[in-house]
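Asks: structure for this input, please:
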Amino acid sequence: MVNIVINGKSIEVPSDITILEAARIAKIEVPHLCYLKDINEIGACRLCVVEVEGEDRLIPACENKVREGMVIKTNSPKVRNAVRNNLELILSKHKAECTSCVRSGNCQLQDLANDYNLTCEYRDKDDNEKRLEKWNSEFPIIRDAQKCVQCMRCVSVCDKVQGMHVWDLVGTGSHSHIGVTGNRLIEFADCTECGQCITHCPVGALTERDDTKKVMKALADPEVVTVVQIAPAIRSGYAESLGIDPSVATVARLAGALKMMGFDYVFDTSFTADLTIMEEGSELIRRLQAGDLKKYPMFTSCCPGWIRFIESQYPELVPQLSSAKSPQQMFGALIKSYFAEKNGIDPKKIVSVSIMPCTAKKGEAELPEMKGESGAPDVDVVLTTRELMRMFSSERVDLNDIEEVPFDSLFGEYTGAGVIFGTTGGVMEAALRSGYYLVTGKNPDVDAFSDVRAVSFDDAGVSFKDVSESGKANWREATFDLAGTPLRVAVTSGLVNTRKLIDAILAGKVSYDFVEIMACPGGCAGGGGQPIHCDDVERGMTRGAVLRDIDASSAVRFSHENTDVQKLYQDWLGTPGSEIAEKYLHREY
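Replies: Okay, the predicted model is just below:
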């Protein structure tokens, strides 16, 4: 511990922290734009400069550590002038379209400009053509180079958390800008579409493709039957954007809001999460019994960012993926087949919408193999949590005044096991619960597989603090007894962690039977389509804890006990892995 003075306030702080962190302990806010703890500590924006007694120049608080006796000023005239000048320079190169920007009211640069009473004009207009790049407007991630402030956050997150190196600093001097590495088009850059660059961008330079107009058009068409599904992780994040009490933000209230907006049918994707467990769990048992997993494990297949990753980085392991579609795509296939037939609806008149915490789901829905017999997509439109919140705002939907309504019939039931699909380790745990039943004919203790749960990760979301018994960081592992057969499993999230795990498997350093991987740190709860905040706090694990609590309080916690899933098999599918199940619920790569 060391003793320092900040703005005349004497405090004792740990000796290994930065001035910025010490200021936070003292409840003193130091402005910053580029800083992300452990990810982007480069002092590029120069907004966090402070005055230190004995130093000739101002120094950035984000990359300088405290020392004994340090006297710091964060609000001296010298500091205020420097921050204003640096902020004016940033604003002069930022195309401020605040009234039409999706980040308006939730933008760190806008907040700082307001705090310092700055309304700078975008002066660097001659730089427009140099910074303007052709961008594929159909790609799930949209980039506006003229709004980029070169904070390097997207570069660092993609490099250090996801390990994909999609973004880089291009050019030199005044001609430098952020672009796709190697001057490639984004669609050829091996981007996994995870969206972590979006959630960590402090401005509106990176956003998801906005598909809200497509949905509003469908809702306004009396000839169209609109069907919407809500992903499990949405219930843990949507209250954040609306500023309402989490106790009010129930999934039944969300269903009521969607009904009020005009959707004809509202469902919970947790239903097909339960269905996925039946198909994926049965597939795991078949492949185990056939000896197909002796060399390499079976991998989960519900995360499209992970699928894009393995297809581009480790194509030799693609055959090890489960053939089960993701819950989103299973739901889409069911809506335009079984559901349409049962309700006497022409599938061509259905517009199937999904609300997802994920930007990669937009790309998944557009894959050629995700189309029905008519050639139309099983899922027509994918909206992120943020897009849904914008629709609520434009339609003046007040969740506090919305009545709770149940989900529609046929697919209305879901279990706690389906809900935890939205957090890292949840798919594995749900699969093991039902896998045990499928092998033994009896339920295990519901918490028998809790060892696969990840309870925390460091602020950067780079690696789990909670590591396996063998001391390997970056993933969790466990071995369970499955009717006398040891089942070796592993769980991880974040693509840097994933690469380390895959490399260890290929090198023969570790061996597993079943592996769950989520592209985003913390799983879907920390997805690239979730609400964005200006406080730099990672919320993947706290949102995941909400889903765990819902599971713990659920009356039914085993996917195979979902009565609507049971009825679907009785009426139509037959058994997991049947010919009709393979046709509608499985895929090829």
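Asks: now do the contacts for residue 201.
Replies: If you count contacts by C-beta atoms under 8 Å, 6 or more residues apart in numbering, residue 201 has them with 151, 153, 154. Where C-beta positions appear, they are placed from N, C-alpha and C, glycine not excepted.
Asks: check which helix or strand covers the closest residue to residue 249 other than its chain neighbours.
Replies: For residue 249, the nearest residue in space outside its immediate sequence neighbours is residue 239; the separation is 3.4 Å by C-beta to C-beta, 6 or more residues apart in numbering. If you go by DSSP states H and E, residue 239 is part of helix 238-242.
Asks: re the thing from before, next, format the contacts of residue 201 as JSON lines and append distance to residue 34, secondary structure and neighbour count.
Replies: Conversion of those to JSON lines gives the following (distance: C-beta to C-beta, whole Å; DSSP: H, G, I helix; E, B strand; the rest coil; neighbours: other C-beta atoms under 10 Å):
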{"residue": "151", "distance to residue 34": "4", "secondary structure": "coil", "neighbour count": "27"}
{"residue": "153", "distance to residue 34": "6", "secondary structure": "helix", "neighbour count": "29"}
{"residue": "154", "distance to residue 34": "11", "secondary structure": "helix", "neighbour count": "24"}
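Asks: and which of these is nearest to residue 291?
Replies: Comparing these against residue 291 with C-beta to C-beta picks out residue 154 as the nearest, at 44.1 Å.
Asks: list the contacts for the closest one?
Replies: 167, 178, 197, 200, 201, 205, 206.
Asks: how near is it to residue 40?
Replies: As defined by C-beta to C-beta, to the nearest Å, residue 154 lies at a distance of 9 Å from residue 40.
Asks: what is the burial count for residue 337?
Replies: Per other C-beta atoms under 10 Å, the neighbour tally for residue 337 reads 18.
Asks: likewise the one 10 residues further on?
Replies: For residue 347, the tally of surrounding residues (other C-beta under 10 Å) stands at 18.
Asks: just the pLDDT for it.
Replies: Note on residue 347: pLDDT of 95.
Asks: same thing with residue 134?
Replies: Looking at residue 134, its pLDDT reads 80.
Asks: which one is it nearest to, not counting chain neighbours?
Replies: Here the nearest residue to residue 134 in space, its sequence neighbours aside, is residue 185; by C-beta to C-beta, 6+ apart that works out to 7.8 Å.
Asks: give me the beta-bridge partners of the closest residue to residue 15 other than its chain neighbours?
Replies: Nearest-residue entry for residue 15: residue 2, 4.7 Å, with adjacent residues in sequence omitted and distances by C-beta to C-beta, 6+ apart. Per DSSP bridges, the residues bridged to residue 2 are residue 13.
Asks: contacts only, for residue 2.
Replies: Remark: with contacts taken as C-beta under 8 Å, 6+ apart, residue 2 is in contact with 12, 13, 14, 15, 66, 67, 68, 69, 70.
Asks: these two touch, right, the residue nearest to residue 134 and residue 143?
Replies: No: Residue 185 is not in contact with residue 143 according to C-beta atoms under 8 Å; the separation is 11.6 Å.
Asks: tell me which two of the contacts of residue 154 sit farthest apart.
Replies: Maximum distance among those (C-beta to C-beta): 12.9 Å, for 178 and 200.
Asks: following the chain onward from the helix or strand of the chain with the lowest mean pLDDT, which element is next?
Replies: Of all the helices and strands that make up the chain, helix 128-131 has the lowest average by mean pLDDT, DSSP states H and E, namely a mean of 52. As assigned by DSSP H and E, the chain's next helix or strand after helix 128-131 is strand 141-143.
Asks: list of residues touching that next one?
Replies: Contacts made with strand 141-143 from outside it, assessed by C-beta under 8 Å, 6+ apart, are listed as 133, 135, 186, 191, 193, 195, 197-198, 205-210, 359.
Asks: mind listing the strands for the stretch 201-350 of the chain?
Replies: Ranges of strands in the stretch 201-350 of the chain, per DSSP state E, counting those that start in this stretch, are 206-208, 225-230, 265-268, 298-299, 350-356.
Asks: the shortest one - contacts with which helices or strands?
Replies: Contact partners of strand 298-299 among helices and strands, from 3 or more C-beta pairs under 8 Å, 6 or more residues apart in numbering; DSSP states H and E: helix 270-289, strand 514-518.
Asks: which one of the ones you listed is the most hemmed in?
Replies: The highest average neighbour count among those, using mean count of other C-beta atoms under 10 Å, belongs to strand 514-518 at a mean of 28.
Asks: what sits up against it?
Replies: Outside strand 514-518, the residues within contact range by C-beta under 8 Å, 6+ apart are 284, 293, 297-300, 303, 305-306, 424-425, 427-428, 431, 452, 487-494, 498, 501, 505, 524.
Asks: so residue 1 sits right up against residue 12, yeah?
Replies: Yes: contact criterion C-beta under 8 Å: residue 1 and residue 12 qualify, at 5.2 Å.
Asks: where in this protein is pLDDT low?
Replies: 120-133, 455-473 (pLDDT under 70).
Asks: tell me, what residue is most central in it?
Replies: For the chain, the residue sitting closest to the mean C-alpha position, by C-alpha atoms, centre = their mean, is residue 527 at 0.6 Å.
Asks: leaving out the residues flanking it, which one is nearest to that residue?
Replies: If the residues on either side of it in the chain are set aside, residue 527 comes closest to residue 357, at 3.6 Å by C-beta to C-beta, 6+ apart.
Asks: count the neighbours of that neighbour for me.
Replies: Using other C-beta under 10 Å, the number of residues around residue 357 comes to 30.
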